[in-house]
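K.L.:
sequence first, predicted model second:
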Amino acid sequence: MDLAQKFDNAREALKCIDMHTTGEPTRIVYSGFPQLHGTLLEQRDQAKTKYDNVRKRIMLEPRGHFDMYGAIIITDTELIKSGEAHIGTLFTHNGGFSTMCGHATIALGRFLVDTHDLGVFPKRDELKVDPKTQTIDVNIHAPCGLIRVTVPTTVDGRESDPSRPVTFVSTPAYAAAISLTIPIPAEKRWVELAGRDSITLDISYGGAFYALIDARELGFDGLSKIDLSRIGDVVKDLKAYLMTHPDVVEALQHPEDQRLSFLYSIMVVDQGIGSRPPGVSGAETGLCFFAENSVDRSPTGSCVTARMALAHAKGLRPCNQSWAYNSLVSNHFDTGAFTASILEEGILLQGGNGVDRQAVLVRVEGKAYYTGALSFIVEKDDVTSESGFTMAECSG
Ligand SMILES: O=C(O)[C@H]1NCC[C@@H]1O
């Protein structure tokens, strides 16, 4: 038997399609992940507590790597049952399971249109092509809520069209704290701060919470030339500290669900630079450290949503104005910026916990491409099969 076929047919095979969005990987797991039950957030809890070894197996080495990212296809959720969503997903990375991911949503959009196996995507036949725009709408249930994705297609709608961007509209986004001044204790004052004892940052929500900090606030001279490993060390240290600071903890209270109330990432921004696709009013660049200090190669779609909400709250971004968001990779290739605009403002999110927020709806667009297809198997005696590893663990 052909070896690839043998792996494909293995009972415990985890089957994946790999894609990338501006260089950021999405490993789409479409078969073989253990069965989960309940609401999507309950399924996320089960995945975390019962199957973290499977996540590690496919995210970490030797099958993945420190900066791998994944999306697990979920075919039964409360929003699928109610008819609002066509499919569900759990997002995963080097540290656990996240609540929203823009770059993976863009990749998933293409995958879901191109998949015609009803065992993988039972509602594929319900998708309709819009003859005017030659696009298909797919509603994806993510842990943060319903994401409306629009995928350009061929005329008959059987395949996605990679030459045009996928767009998505995430759940309502809002600025959670503007211009917070955070004192930095003496033992944490890394050299770049040059004696300053505080930094100023914003916190914004785009399906996950982001702390947004200008590179200069951290003592770096923008993002056009950066010591990646040094800024990574600074951000890691800072994130651990921020998570203990009462003003930050207060800003991270999500109005609807405590399971969404955590600091996912620090996004270091440089407003001054960035490649600028035609038709946008401005551009900026960000360097996103998320989960266990993974570096996003893409412009971070969920943070683009959060940054648009923040700029709107600061009075800098009116509805329908298009803005470009870059990563180091999109600047390097001068292509691949995500563009975004605000579709709706003044959405009131009323929390049972007394936290009310004024939110906006943001449309984000970007392109994703396929890189391959994989079947991961477990061989007897292979110690890495249980849960993979990171080099940091092995080096003590
Ligand atoms: O595009 C995004 O939203 C994501 N990329 C990796 C980290 C974020 O989840």
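P.N.:
Everything's here; your move.

K.L.:
helices of the stretch 101-250 of the chain, start to end?
P.N.:
102-114, 228-242, 246-251 (DSSP state H, counting those that start in this stretch).

K.L.:
how about these in JSON lines, adding mean neighbour count?
P.N.:
Using the backbone N, CA and C atoms, a C-beta is placed for each residue, glycine as well. JSON lines is the format used below for the helices of the stretch 101-250 of the chain (neighbours: other Cβ atoms under 10 Å):
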{"stretch": "helix 102-114", "mean neighbour count": "28"}
{"stretch": "helix 228-242", "mean neighbour count": "16"}
{"stretch": "helix 246-251", "mean neighbour count": "15"}
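
K.L.:
quick one: these as TSV, columns for mean pLDDT and distance to Val169 too.
P.N.:
Formatted as TSV, those follow (pLDDT from 0 to 100; distance: least, Cβ to Cβ, whole Å):
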stretch	mean pLDDT	distance to Val169
helix 102-114	98	10
helix 228-242	95	28
helix 246-251	96	24
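
K.L.:
wait, which of these is closest to the ligand?
P.N.:
Closest to the ligand of the helices of the stretch 101-250 of the chain is helix 102-114 (Cβ to the nearest ligand atom; 3.5 Å).

K.L.:
and the residue nearest to the spatial centre of the chain, what is it in contact with?
P.N.:
Geometric centre of the chain, nearest residue: Cys101, 2.2 Å, by Cα atoms, centre = their mean. Neighbour list for Cys101: Thr26, Tyr69, Ala71, Phe91, Ala142, Gly207, Gly301, Ser302 [criterion: Cβ atoms under 8 Å, 6 or more residues apart in numbering].

K.L.:
10 Å instead?
P.N.:
For Cys101, the contacting residues are 21, 24, 26, 69-71, 89, 91-93, 107-108, 142-144, 147, 170, 207-208, 264, 290, 296, 298, 300-302, by Cβ atoms under 10 Å, 6 or more residues apart in numbering.

K.L.:
now the helices of the stretch 101-250 of the chain as a markdown table including distance to the ligand?
P.N.:
What follows is the helices of the stretch 101-250 of the chain, written out as a markdown table (distance: least, Cβ to the nearest ligand atom, whole Å):
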| stretch | distance to the ligand |
| --- | --- |
| helix 102-114 | 3 |
| helix 228-242 | 14 |
| helix 246-251 | 19 |
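
K.L.:
now those helices as JSON lines including distance to Arg357?
P.N.:
Below are the helices of the stretch 101-250 of the chain laid out as JSON lines (distance: least, Cβ to Cβ, whole Å):
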{"stretch": "helix 102-114", "distance to Arg357": "20"}
{"stretch": "helix 228-242", "distance to Arg357": "20"}
{"stretch": "helix 246-251", "distance to Arg357": "11"}
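
K.L.:
relative to Thr75, which of those helices is closest?
P.N.:
helix 102-114 (11.5 Å; Cβ to Cβ).

K.L.:
so which residues of the stretch 51-200 of the chain form strands?
P.N.:
70-74, 87-92, 97-98, 129-130, 135-142, 145-152, 166-169, 174-183, 198-205 (DSSP state E, counting those that start in this stretch).

K.L.:
and the last one, C-alpha only, in PDB?
P.N.:
What it means is strand 198-205. Listed next in PDB are the C-alpha coordinates belonging to strand 198-205 (Å, rounded to 0.1, in the frame of the first residue of the first chain):
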ATOM      1  CA  SER A 198       5.700  54.300  33.600                       C
ATOM      2  CA  ILE A 199       4.200  53.400  30.200                       C
ATOM      3  CA  THR A 200       1.000  54.400  28.500                       C
ATOM      4  CA  LEU A 201      -1.200  51.800  26.700                       C
ATOM      5  CA  ASP A 202      -4.700  51.100  25.500                       C
ATOM      6  CA  ILE A 203      -6.800  48.000  25.800                       C
ATOM      7  CA  SER A 204      -9.300  47.000  23.200                       C
ATOM      8  CA  TYR A 205     -11.500  44.000  22.400                       C
END
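
K.L.:
begin at 18 from here
P.N.:
New numbering, starting at 18: the last item is strand 215-222.

K.L.:
and Arg374, what helix or strand is that in?
P.N.:
strand 373-383 (DSSP states H and E).

K.L.:
state the mean pLDDT of that strand.
P.N.:
Strand 373-383 carries an average pLDDT of 95.

K.L.:
ok, then the element right after that strand?
P.N.:
Assigned by DSSP H and E, the successor of strand 373-383 is strand 385-393.

K.L.:
tell me which other helices or strands the helix or strand just after that next one touches.
P.N.:
Next along the chain after strand 385-393, taking DSSP H and E as the criterion, comes helix 401-404. With contacts taken as 3 or more Cβ pairs under 10 Å, 6 or more residues apart in numbering; DSSP states H and E, helix 401-404 sits against helix 69-76.

K.L.:
flag every buried residue along the helix it packs on.
P.N.:
By 16 or more other Cβ atoms under 10 Å, the buried positions in helix 69-76 come out as Val71, Arg72, Lys73, Arg74, Ile75, Met76.

K.L.:
just those now: which is nearest the ligand?
P.N.:
Checking the buried residues of helix 69-76 one by one against the ligand (Cβ to the nearest ligand atom), the nearest turns out to be Met76, at 12.4 Å.

K.L.:
surely the closest one touches Tyr86?
P.N.:
Yes: in this structure, Met76 is within contact of Tyr86 by Cβ atoms under 10 Å, at 7.8 Å.

K.L.:
which neighbours do those two share?
P.N.:
Joint contacts of Met76 and Tyr86 (Cβ under 10 Å, 6+ apart) are Arg44, Thr109, His110, Asn111, Ala308, Ser311.

K.L.:
in this structure the third one contacts Glu309, no?
P.N.:
Looking back up the chat, that one is His110. Yes: contact criterion Cβ under 10 Å: His110 and Glu309 qualify, at 7.8 Å.

K.L.:
so what's in contact with those two at the same time?
P.N.:
Phe83, Asp84.
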